[in-house]
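**Student:** my questions are about this predicted structure, shown below with the sequence.
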Number of protein chains: 4
Amino acid sequence: MKTVLIAGFNGSMGQQAVKLVNSMEGFAITAGLAHHLPDSDPTSYGLPASTQLFTSLNEIPAGIADIWLDFTVPTAVYANVKYALTHGYRPVVGTTGLTDDQEVELKKLTQDNHLGGLIASNFGMSAVLLMKFAQEAAKYFPDVEIIEMHHEDKKDAPSGTALNTAKLISKNRPAHQTAPDETESLAGSRGGDYEGIKLHAVRLPGYVAHEQVLFGGAGEALTIRQDSFDRKSFMSGVKVALEQVHTLDQLVVGLEQIL
Amino acid sequence: MKTVLIAGFNGSMGQQAVKLVNSMEGFAITAGLAHHLPDSDPTSYGLPASTQLFTSLNEIPAGIADIWLDFTVPTAVYANVKYALTHGYRPVVGTTGLTDDQEVELKKLTQDNHLGGLIASNFGMSAVLLMKFAQEAAKYFPDVEIIEMHHEDKKDAPSGTALNTAKLISKNRPAHQTAPDETESLAGSRGGDYEGIKLHAVRLPGYVAHEQVLFGGAGEALTIRQDSFDRKSFMSGVKVALEQVHTLDQLVVGLEQIL
Amino acid sequence: MKTVLIAGFNGSMGQQAVKLVNSMEGFAITAGLAHHLPDSDPTSYGLPASTQLFTSLNEIPAGIADIWLDFTVPTAVYANVKYALTHGYRPVVGTTGLTDDQEVELKKLTQDNHLGGLIASNFGMSAVLLMKFAQEAAKYFPDVEIIEMHHEDKKDAPSGTALNTAKLISKNRPAHQTAPDETESLAGSRGGDYEGIKLHAVRLPGYVAHEQVLFGGAGEALTIRQDSFDRKSFMSGVKVALEQVHTLDQLVVGLEQIL
Amino acid sequence: MKTVLIAGFNGSMGQQAVKLVNSMEGFAITAGLAHHLPDSDPTSYGLPASTQLFTSLNEIPAGIADIWLDFTVPTAVYANVKYALTHGYRPVVGTTGLTDDQEVELKKLTQDNHLGGLIASNFGMSAVLLMKFAQEAAKYFPDVEIIEMHHEDKKDAPSGTALNTAKLISKNRPAHQTAPDETESLAGSRGGDYEGIKLHAVRLPGYVAHEQVLFGGAGEALTIRQDSFDRKSFMSGVKVALEQVHTLDQLVVGLEQIL
């Protein structure tokens, strides 16, 4: 039996994580961390009655769980993961907000403590597999563009996942420039550019969160598309992470790296 | 029997037009116009043996055909259509290059001569129907974006058909701005802008000529897509134009206006 | 000001209709009909305080509204619409369950009473426009197939909307058979057949309700796709129906017939 | 320098292979085999002038090439590959028609001769990557359907590549049945069935050869699509095979197995 502490169990992602771990054979929630605890009864949060609840790191006794599952907030995540790694937990982290420097430091800490862990900005399996496959396909299809579509309330473009996809592709494809001498009669028509990879962002009501990677080669095309219709899709990837975190011997960034 | 003069019958589009008219019941090619005529035998161009061939406008006798089908060059089209309208022909024109002023003048000439005719920049039925449907859908879905995909040798962006689609939509939708306060972390990600309609152009090897119009509304989306795999697709629209030009009482611009 | 009676105002569709009519300028809800009324206060259902509520047809006084908006149940809809037409209401009906005979009778009743009305099985504008456009495109592209995708809990195939699309196309296309002498190495691969139109039904978790109509012609393809992500999409079509029902001089079946 | 014998160099695939190998740095065509040789000048087939041409297996001297590239016919392929393996060539085979028994025998022969080789029914990289990715994704998304689209002259359904994709997925996914208790109001709507995986085949003019694999999970979907617009797309995969065949220590079936 693997035991799990859920940090941020009372947030919206945390509550879905509670349901997930409860449903997984061979896993048990033994502890929960939350800064505010209006109700001290674990069952009122869907947790097993025996779950121990804490409101700060220094209350937590040693050895209470194997895995530290973190869905907290950007201001808390660095201290949480550092605590986890220095107290023998294997972290699975869905909270964003770590700086590059903090990631480097936490990776070192993982090595020093002979542990493994996973940090992922996206646990949706369709998005994660899209990134993995796109990275692989780029070896054979260096000509590639990305189109992402989101609801009209998303104010920044392109999406973090689309930009991340471009970065992964860029690492893996031969140096390449498609159609370098083109002209735009409407500025921006050819999209944003990340090291020669064009990104296009669509914003329309009705849409939720969708991404397409388009590859073209002589006489053929390959397209990988993912659609996120609902937040609950994130939990399929958390399940995979929980099942595999014990096999890792470093702090991996990106679920697509371990599939 | 409707009789047809084909101007530019020896070009690549003209040759396809020859095959098309030969195959249409109730239509016959009676004359051909081409500036250079290396061979004076009509059958060497696939034309009926009785076809009369000419190399300049002033050689053509009166009343030789009902319809003037023009697939020539931008420098010849204005003089050709003017000649046709003042000599009793109904023009069907696939040649580009008319200025806005020339179009206005030719429209007036059509009225003065109690004729009808059609000028179209695109005779591909899938593209023409896409434009027609997009124009209609915009009444109900003011939120819309356009994505076009072409082979990597197309140097200008967006495509003429995509821009034309945006113009048609713009005429038909209520004044509207989607997501006005967004920001781009990569310049150009949100595409080119035509009166609030975003256009995105993809350029990849393998692709031929494709266009998508994406509409979004509360809880739903509508997408219209056309794919042109081969130039022969243009002839389906020429057939429709030839069949309908006798019903027109003005010079119509755009095949989508008469479907 | 147009006045509206909502039959079935307390159901899930009815409640959305209440919100819609409240938000429409020039329209006011004056009456509501529901068989069970646990609460007699109109405001507890989101209705204006002045709304008169009834639990049976014979309680309703004459002239209480112009439009009868019906989101009730299959067993009630026939009696409701008959009552509406014989008491001067113009019906807008989203309830299913009328037989063909009942439709014929109600159409006659509409004529006899010099009224107009609309019955629609689908008020989602993307689905309705897809049907309208597909019907038009079939005139030019007789080769067509339909693919619909739904969540895995939908037990019947194909969907009613897909079958309805095939019927509308069938009326409008020339008699036609694509690929008549094909063979299947797996039975069913070529889909279901409605008068030569192939229908394919996909059932997968994650999907909501989606339909594509694929047209093919020489060297080109046209695809019309609609995605319903959420039930709230239905209200956009109800709005169009309420705005146009006063212009109708018959009982129209299908919102796509009046766009 | 790797040397190549091309069997079937005068066929349509063979001629494309000639162009490909001529363009590859580090590779040279040294021999060609064809049953009929109307012209004995290698350059008339695009081959280097020094290429030795043969019309039967027993004319070929020992050691004339490293790689046997076979684009011949079903009746010749077995004898050819057997000859190649017993004479020190590494075979790269694009010819179809080997029986399962013949494949087993040739695999054994490859081991006995300490060679490696590759047999592939499809060398289009987009199709091959689609199969590879679909196989991987099935581990995480057991709910999956396949839609393939081909021109209307393809008489069998589903396509060999689609069926092959289903077989690869079937090997890799947990035992699974989507929507087992559904009903069809039109027989065949739910497609063909391969071990619980539904396959749908579309046949329309305009289309060339296209395949989509649709995965669905809670709240999300993943789609992999490939489009073959032109036969020349096959050569990208032959290039990969030629570059990698020296690293293989067995006879691999399916290019997707070595990517």
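**Tutor:** That came through, no problem.
**Student:** could you list which residues are in contact with the residue of the stretch 51-200 of chain A found nearest chain D?
**Tutor:** The stretch 51-200 of chain A approaches chain D most closely through A:Ser126 (4.0 Å), counting by CB to the nearest CB. Where you see a C-beta, it was placed from the backbone N, CA and C, and this is true even at glycine. Residues in contact with A:Ser126 (CB atoms under 8 Å, 6 or more residues apart in numbering or on different chains) are A:Gln226, A:Asp227, A:Ser228, A:Ser233, D:Phe141, D:Phe215, D:Gly217, D:Glu220, D:Ala221, D:Leu222.
**Student:** change it to 10 Å
**Tutor:** By CB atoms under 10 Å, 6 or more residues apart in numbering or on different chains, the contact set of A:Ser126 is A:210-211, A:224-229, A:233, A:236-237, C:206, D:137, D:140-141, D:215-217, D:219-223.
**Student:** quick one, strands of the stretch 101-250 of chain A?
**Tutor:** Using DSSP state E, counting those that start in this stretch, the strands found in the stretch 101-250 of chain A span residues A:117-119, A:144-150, A:156-157, A:183-184, A:192-194, A:197-203, A:209-217, A:220-228.
**Student:** so who does A:His114 touch?
**Tutor:** Counting by CB under 10 Å, 6+ apart, A:His114 has contacts A:Gly88, A:Asp249.
**Student:** turn the strands of the stretch 101-250 of chain A into CSV, columns for mean neighbour count, distance to A:Ile60 and mean pLDDT.
**Tutor:** Listed next are these as CSV, based on neighbours: other CB atoms under 10 Å in any protein chain shown; distance: least, CB to CB, whole Å; pLDDT from 0 to 100:
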stretch, mean neighbour count, distance to A:Ile60, mean pLDDT
strand A:117-119, 25, 17, 97
strand A:144-150, 25, 38, 97
strand A:156-157, 20, 36, 92
strand A:183-184, 12, 57, 90
strand A:192-194, 19, 42, 95
strand A:197-203, 26, 42, 97
strand A:209-217, 24, 35, 97
strand A:220-228, 25, 34, 97
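**Student:** how about A:Val81, nearest residue that isn't a chain neighbour?
**Tutor:** A:Pro91 (5.0 Å; CB to CB, 6 or more residues apart in numbering or on different chains).
**Student:** looking at chain A, which residue ends up farthest from its center?
**Tutor:** Here chain A has its C-alpha centre computed as a mean, and the residue farthest from that point, by CA atoms, centre = their mean, is A:Ser185 with 38.0 Å.
**Student:** is it true that it touches B:Pro158?
**Tutor:** Yes. In this structure, A:Ser185 is within contact of B:Pro158 by CB atoms under 10 Å, at 6.9 Å.
**Student:** who touches both of these two?
**Tutor:** B:Gly192, B:Tyr194, B:Leu199, B:Ala201.
**Student:** and the furthest pair within those?
**Tutor:** Farthest apart among the shared contacts of A:Ser185 and B:Pro158 by CB to CB are B:Tyr194 and B:Ala201. That separation is 12.3 Å.
**Student:** between these two, what contacts are shared?
**Tutor:** The contact lists of B:Tyr194 and B:Ala201 share A:Ser185, A:Leu186, A:Ser189, B:Ile146, B:Pro158, B:Ala162, where a contact means CB under 10 Å, 6+ apart.
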